[in-house]
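Colleague: generate coordinates for the sequence data below:
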Amino acid sequence: MIRADREDQNPLTGVQNPSNVVAYNHRSSPVGKMITAKRFVRLLFLWSAAATKMRFCAAAAATSSPADAAVVMAVGTKEKKNPSVLYRRLSALGRAPQGRVTRTLDKWVNEGRSVCADELIRYVKVLRRYQRHAHALELMEWMENNKNTKMTHVSHAMRLGLIAKVRGIEAAEKYFSDLPEPLKNEHTFGALLSSYCSEKNKNVDKSFSLYNEMKNRNIALNTQVHFNLMSLYMRLGQHEKVLTQYQEMKSDNIVPDSITCSILMNCYASLNDIESVERVIKEAEEDDKVTLLWSAYSSLAAIYCSAGLPTKAENALKKLETLIYARDHKPYHYLISLYAKINNVEEVKRIWKSLKTIFPKPSNLSYLNMLQALDKLDDLSGQQDLYEEWQSVCTLFDVRLANSLIGSYLRKDMIQQAQSLWEKSSKRGAIPNFKTCFMFLDHFLQKNDMNSALVWLETAASSSSGKQDRWKLSQDQVDTFLKAFEDANDVEGAERFCECLRRLGHLDLNAYEKLLQTYLAANLKNPKLRQRIKDDKIKLNSQTNKLLEMVCGDNE
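Modeller: Numbers count the residues shown, from 1 in each chain. I've put the predicted structure just below:
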């Protein structure tokens, strides 16, 4: 199946930024889809990142000198009243290229304005939260290049993590290697380990090697270190090692936190051991040293949902509601999604009403989450009404919401309504993303309307601007296209299809063989195919060579 990237909207800018579909209320719930081990670990990394940022902030306050906390640069004091003006300038940069943050900060200082170090670190954290890692890194580098600022151990750790995200692990390793020995402590070691563990299993050996080095150096280990390794083991499917790591954490007299309990529960759930899941949450509730957050109960509710225990899931969600203490969208979205999973329509609507009470102008993300919940509940009428409501109030059109309703229409074979909705969206300036294209493509493939499917594939291919944008058709989809063109002797269609594969970076030997067979079926020749195959660096086998000779003539 085709995957679709999700985006969050930065409430400070209105810019769409990659992030998670989440929100907050005096109730909370897990993600809209069933939380698999892989997806669960990804969510825990997000929760962990938030907790880590809070620890960084506290540590920075403890280690900064009075001078650091007071002023970074500039003498002017008359315009210190509203420091948020600077963040608004930084936020307004959106996805501006490298250098714009530096120019913005230099301009601010040249205007005679002062800059507080603590505020800049706070801006770094907010930029990082909204996935603007390059800007956050540039801000930190600007701070380091100014004589009036001093990088703390925590600041170095933050910068190392940003370098890993922006410039890659090798650059982060070099940064770590170049640090003076006194700065190679639990903060910077921990940041490097976190970067290793979050690299989609690319640095497994390095993760364990660094962990052993930390132990050999007697570097203080904390919950975050153990969580990173437990998460890595979960992604590797090594559930027994998750439990071993947890026992090692306990032997180090480290008190588990909420996210550690969550990953431990999910580990037992992966082993189909619900009894142990319940034991973990019960022990945590009875331990005065453990502070359980709402996210732990959203994890528990998701586990119950997956296990087919709706009553227990609902009880966990009720408990979750009592733990919401901040003005945040996340718990609201989780509650809506989980209640939808257990088909509790009344609770879904109650939470949505509560969300709108707390947030009178719900974000695009909130509307999207609710649309997805109504889709799960098979409430098309409710989706249509909600979509119309959103359209009447939205200031920034979000193609994901259109995609959500279009997907519902297509699943119900309501192609005219889906096309009409897309036409209206286009008039509002909507640009189809890959999900839009492939939803229509899949529908038309199922209806054997190859020409319409190919048009949407061409739209997707023309939107692909680089490797990061490339999507891959399933092998079944590729075979369906190629067989249809061969059966119809449609050389033009086969050529158009292969050009799409080329643009998407997935043109291979199989596609060329089918293209050659289509030429033969149509009794057509094309001597240029030999050079094209060579240019595309396709390795030929004996069968392809024979086909090539028949379509292109003898080998030159």
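
Colleague: okay, now the domains of this protein?
Modeller: 1-20+329-431, 438-552 (automatic domain parsing).

Colleague: please identify the most buried of these.
Modeller: domain 1-20+329-431 (a mean of 18; mean count of other CB atoms under 10 Å). Where you see a C-beta, it was placed from the backbone N, CA and C, and this is true even at glycine.

Colleague: what's the least confident stretch among the domains of the chain?
Modeller: Among the domains of the chain, domain 1-20+329-431 carries the lowest mean pLDDT, a mean of 85.

Colleague: quick one: that domain to chain centroid distance?
Modeller: On the basis of CA atoms, centre = their mean, to the nearest Å, domain 1-20+329-431 sits 18 Å off its chain's mean C-alpha point.

Colleague: could the domains of the chain go into CSV alongside distance to residue 184?
Modeller: As requested, these are arranged in CSV below (distance: least, CB to CB, whole Å):
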stretch, distance to residue 184
domain 1-20+329-431, 31
domain 438-552, 33
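
Colleague: can you map out the helices along the stretch 201-350 of the chain?
Modeller: Counting by DSSP state H, counting those that start in this stretch, the stretch 201-350 of the chain has helices at residues 204-216, 223-236, 239-251, 258-270, 274-286, 294-306, 310-321, 330-341, 345-358.

Colleague: list the contacts of the third one.
Modeller: The contact list for helix 239-251 (CB atoms under 8 Å, 6 or more residues apart in numbering) reads 221, 223, 226, 229-230, 233-234, 256, 260, 263-264, 267, 270-271.

Colleague: helix 204-216 and that one, what's the angle between them?
Modeller: 20 degrees (axes from the mean of the first three to the mean of the last three CA atoms, to 10 degrees).

Colleague: now do helix 239-251: distance to the chain's middle.
Modeller: On CA atoms, centre = their mean, the centre of helix 239-251 falls 27 Å from that of its chain.

Colleague: do stretch 326-339 as well
Modeller: Using CA atoms, centre = their mean, the offset of stretch 326-339 from its chain centre is 18 Å.

Colleague: which of the contacts of helix 239-251 lies closest to residue 530?
Modeller: residue 234 (49.5 Å; CB to CB).

Colleague: the closest one and residue 241: what is the separation?
Modeller: The spacing between residue 234 and residue 241, counted by CB to CB, to the nearest Å, is 9 Å.

Colleague: neighbour count: these two, which is higher?
Modeller: Shown here are residue 234 and residue 241; by other CB atoms under 10 Å, residue 234 has more neighbours (22 against 16).

Colleague: for residue 269, see how far away that one is.
Modeller: Look at residue 234 and residue 269: by CB to CB, they are 11 Å apart.

Colleague: same check, this time on residue 425
Modeller: 39 Å.

Colleague: next one: residue 426
Modeller: 43 Å.

Colleague: what do you get for residue 129?
Modeller: In terms of CB to CB, residue 129 sits 28 Å off from residue 269.

Colleague: the more surrounded of these two?
Modeller: With neighbours defined as other CB under 10 Å, residue 129 and residue 269 compare such that residue 269 has more, 23 against 17.

Colleague: which one is that one nearest to, not counting chain neighbours?
Modeller: Residue nearest to residue 269 in three dimensions, not counting chain neighbours: residue 303, with 4.4 Å by CB to CB, 6 or more residues apart in numbering.

Colleague: isn't that neighbour up against residue 277?
Modeller: Yes: assessed by CB atoms under 8 Å, residue 303 is found in contact with residue 277 at 5.8 Å.

Colleague: overlap in contacts, the two.
Modeller: 265, 269.

Colleague: look at the two and report which has more neighbours.
Modeller: Per other CB under 10 Å, whichever of residue 303 and residue 277 has more neighbours is residue 303, with 27 against 22.

Colleague: pull the contacting residues for the more buried one.
Modeller: By CB under 8 Å, 6+ apart, the neighbours of residue 303 are 35, 265-266, 269, 274, 277.

Colleague: as TSV, those with distance to residue 450 and pLDDT would be great.
Modeller: Listed next are these as TSV, based on distance: CB to CB, whole Å; pLDDT from 0 to 100:
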residue	distance to residue 450	pLDDT
35	37	40
265	48	97
266	43	97
269	43	97
274	48	97
277	48	97
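
Colleague: what is the nearest of the residues you listed to residue 190?
Modeller: residue 266 (22.3 Å).

Colleague: roughly how far apart are that closest one and residue 242?
Modeller: 9 Å.

Colleague: neighbour count: these two, which is higher?
Modeller: It is residue 266, of residue 266 and residue 242, that has more neighbours when counted by other CB under 10 Å, with 29 against 25.

Colleague: hmm, the more buried one is touching residue 233, no?
Modeller: No: contact criterion CB under 8 Å: residue 266 and residue 233 do not qualify, at 11.5 Å.

Colleague: picking up where we left off before, could you dump the contacts of residue 303 into a markdown table with distance to residue 113 added?
Modeller: As requested, the contacts of residue 303 are exported to a markdown table (distance: CB to CB, whole Å):
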| residue | distance to residue 113 |
| --- | --- |
| 35 | 46 |
| 265 | 49 |
| 266 | 48 |
| 269 | 52 |
| 274 | 58 |
| 277 | 53 |
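
Colleague: tell me which two in those are the farthest apart.
Modeller: Going by CB to CB, the pair spanning those furthest: 35 and 274, at 14.8 Å.

Colleague: the strands in this protein, which residues?
Modeller: In the chain, the segments counted as strands under DSSP state E are 8-9, 16-17.

Colleague: residues near residue 144, how many?
Modeller: 13.

Colleague: ok, now how distant is the residue nearest to it when sequence neighbours are not counted from residue 523?
Modeller: Of all residues not flanking residue 144 in the chain, residue 151 sits nearest, at 5.5 Å (CB to CB, 6+ apart). As judged by CB to CB, residue 151 and residue 523 stand 72 Å apart.

Colleague: can you check residue 179 too?
Modeller: For residue 179 relative to residue 523 (CB to CB), the value is 69 Å.

Colleague: ok, back up a step: shared neighbours of residue 266 and residue 242, anything?
Modeller: With CB under 8 Å, 6+ apart as the test, residue 266 and residue 242 both reach residue 234.

Colleague: output the below-cut-off pLDDT ranges for the stretch 1-150 of the chain.
Modeller: 1-83, 147-149 (pLDDT under 70).

Colleague: could you redo the last one with a cut-off of 50?
Modeller: Applying pLDDT under 50 to the stretch 1-150 of the chain flags residues 1-38, 49-81.
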